[in-house]
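Q: Structure for the following, please:
(2 chains)
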Amino acid sequence: MHSVAPSVLAAAVADHPGFLSPTGVEIAFVLVGLTTLGAAVITVTTRQLVHAALWLVVALGGLAVEYLLLTAEFIAWVQVLIYVGSIVVLLLFGLMLTRAPIGRSPDADSGNRWIALGVALASAAALVWVVVDAFRTTWIDLEGPAQGSTAVTGAFLFRNWVLPFEALSVLLLAALVGAIVLSRKHDTDTAVRRDTAVRPDTAVRPDPAVRPAPDPADRRGKEEQS
Amino acid sequence: MNDVSDVALRLAIVFVVFLVAPLLVGQTEHKVMAHMQGRLGPMYAGGFHGWAQLVADGVKFAQKEDVVPAAADRRVFQLAPAVALLPYLLVLVAIPVGPGDGAVGQVIDAGIFFVLAVMGIGVLGSLMAGWASANKFSLLGGLRTAAQLLSYELPMLLAAASVAMAAGTVSLTGILDAFEWWWLPWQIAGALVFFVAGLAELQRPPFDMPVADSEIIFGAYTEYTGLRFALFLLAEYAGIVILCALTTVLFLGGWHGPFGADGLGWLWTLLKTALLAFVVIWLRVSYPRLREDQLQKLAWTTLVPLALAQIALTGIVKVAIN
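A: Okay, here's the model as predicted:
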């Protein structure tokens, strides 16, 4: 990170304007940041499960606005597209499919909350340390041409960070294949499960190795029913 | 001062279009559906062929009592219609109507991503409504909405990515500037995928399982009355306008036409959008509702492979040209 970032950012760096007399963008940045932080804290502390997911939308949206304020338009919209549009919908889907009571859930708490707080603080400290160490007093000139436009982001990503990018895509592909493997039913397993489902009173589970293979026609009929 | 008045004027125009265009589509739907079914449709309101029917509907909705169920989650319930409607207003700002920077509400660098991202937020409104209503049918509707969205978002994105590859830019105005007539046959598979996936995202027939009135009453909107219900309906028709305009811009060349590209470009955009909106209505009249397994099968076994094939084709042609 040290070797690459300064050379690329050199063009974007303006003179250090100082922390006093902040510009409008800087004030907006801090305000949106506080809102995001607040929404994130509510997300993890609220006792209402679905409200937590909805506050997460606010937190992720706030983050997208921060990217926008730093002129990284492409990243901002991808953030909204992936996180608000897909991840949160997936979360809500999961909640509705399993348990989504209206009102407070008294058991929506975990004994691990203090450990979680410790881990969160530690990772936040690590991130802040890395960012501060990497950029120090570098300032981005927000007035000039956009430093985070799609073209700039693309060139930066595929010139300097192409190896991590590819490594990440391989990781995601592996996760995808893993999910498919896990969700595939094995033939013997399903045969046993269906058998017990039909006769719930059977005390002894039939041994799949001994049982004769089920008639394919019979199996097709059952699949259509279920 | 000039800048401020310019921006204000643009936003005002976008707002007026946002209010009028969905009503036009709605009225067209009334009449077109009626004639396709051998009826006349609204004939009295306003005198001439019932042109004021939707205005009358609006007055009726405004007079109705605004009911919130006792067991509902009040705040989320009341917020949901706004979450469903406002994203479409934002999207409309970014859609170019004619050539040049003057015919678009606001030029956005990453236009495709902006449009698709913000459209995705609108669906959160349906999910919030479905959950907060404290009604089993509504919850089922919300679940179906989410399931549908999860599977159709991917082909829609892939189809849009194909156009971005072809044009070499993700800006909507940039795509239109790069458009050539032979993109039409080149990107036709992507266009079909985009349009069908968009219909599914809007929950329009034949993808209206989430609101299936004969099974789960009206899905997530069962408990809504009065103006809030009207807002959901408006969101649906605004969605049709947005989807048709987007398909026009991405795949049909927007303001490009056989003639009159200089002064009448905006007319081509409107004409193509109106034609697509007619197709949306036509599909509602002609196709029965898809079952859940048919929905998922269509998305994963037809649309996704088709979109991937389109991307491969786009890549091959692009490399061959260069």
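
Q: what's near enough to touch the closest residue to chain B within chain A?
A: Chain B sits closest to residue A:85 of chain A, with a gap of 2.9 Å, by Cβ to the nearest Cβ. For every residue, glycine as well, the C-beta is placed using N, CA and C. Counting by Cβ atoms under 8 Å, 6 or more residues apart in numbering or on different chains, residue A:85 touches B:116-117, B:120-121, B:123, B:153.

Q: Closest to residue A:139 out of these?
A: Lowest distance from residue A:139 to the contacts of residue A:85 (Cβ to Cβ) belongs to residue B:117, with 28.5 Å.

Q: Could you report the separation of the closest one from chain A?
A: Counting by Cβ to the nearest Cβ, to the nearest Å, the separation of residue B:117 from chain A is 4 Å.

Q: Which secondary structure elements does the helix or strand that contains that residue sit against?
A: Element membership for residue B:117, per DSSP states H and E: helix B:111-132. On a contact count with 3 or more Cβ pairs under 8 Å, 6 or more residues apart in numbering or on different chains; DSSP states H and E, helix B:111-132 meets helix A:49-69, helix A:73-79, helix A:88-98, helix B:74-93, helix B:136-167, helix B:172-178, helix B:226-251.

Q: The longest one versus helix A:88-98: what angle between them?
A: Angle between the axes of helix B:136-167 and helix A:88-98 is 150 degrees (criterion: axes from the mean of the first three to the mean of the last three Cα atoms, to 10 degrees).

Q: in helix B:136-167, what's buried?
A: B:137-149, B:151-167 (16 or more other Cβ atoms under 10 Å in any protein chain shown).

Q: Then stretch B:28-43?
A: B:28-32, B:34, B:41-42.

Q: just those that are near chain A?
A: Checked against chain A using Cβ under 8 Å from any Cβ of the partner chain, these give no members in range.

Q: Please convert the residues you listed to JSON lines, extending it with secondary structure and pLDDT.
A: Compiled in JSON lines, the buried residues of stretch B:28-43 are given as follows (DSSP: H, G, I helix; E, B strand; the rest coil; pLDDT from 0 to 100):
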{"residue": "B:28", "secondary structure": "helix", "pLDDT": "89"}
{"residue": "B:29", "secondary structure": "helix", "pLDDT": "89"}
{"residue": "B:30", "secondary structure": "helix", "pLDDT": "87"}
{"residue": "B:31", "secondary structure": "helix", "pLDDT": "88"}
{"residue": "B:32", "secondary structure": "helix", "pLDDT": "90"}
{"residue": "B:34", "secondary structure": "helix", "pLDDT": "89"}
{"residue": "B:41", "secondary structure": "coil", "pLDDT": "80"}
{"residue": "B:42", "secondary structure": "coil", "pLDDT": "85"}
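
Q: tell me which of these is nearest to residue A:57?
A: For the buried residues of stretch B:28-43, the nearest to residue A:57 is residue B:29 (31.6 Å; Cβ to Cβ).

Q: what does chain A have sitting close to chain B?
A: So chain A meets chain B at A:50-51, A:54, A:57, A:73-74, A:77-78, A:80-81, A:84-86, A:88-90, A:92-93, A:96-97, A:100, A:102-103, A:146, A:149-150 (Cβ under 8 Å from any Cβ).

Q: Narrow these to those that are buried.
A: The neighbour count (16+ other Cβ under 10 Å) marks A:50-51, A:54, A:57, A:73-74, A:77-78, A:80-81, A:84-86, A:88-89, A:92-93, A:96, A:100, A:102, A:146, A:149-150 as buried among these.

Q: Redo the helices and strands packed on helix B:111-132 as JSON lines? Include distance to residue A:159 and mean pLDDT.
A: Converted to JSON lines, these look like this (distance: least, Cβ to Cβ, whole Å; pLDDT from 0 to 100):
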{"stretch": "helix A:49-69", "distance to residue A:159": "21", "mean pLDDT": "88"}
{"stretch": "helix A:73-79", "distance to residue A:159": "16", "mean pLDDT": "86"}
{"stretch": "helix A:88-98", "distance to residue A:159": "32", "mean pLDDT": "84"}
{"stretch": "helix B:74-93", "distance to residue A:159": "32", "mean pLDDT": "87"}
{"stretch": "helix B:136-167", "distance to residue A:159": "19", "mean pLDDT": "87"}
{"stretch": "helix B:172-178", "distance to residue A:159": "22", "mean pLDDT": "82"}
{"stretch": "helix B:226-251", "distance to residue A:159": "28", "mean pLDDT": "89"}
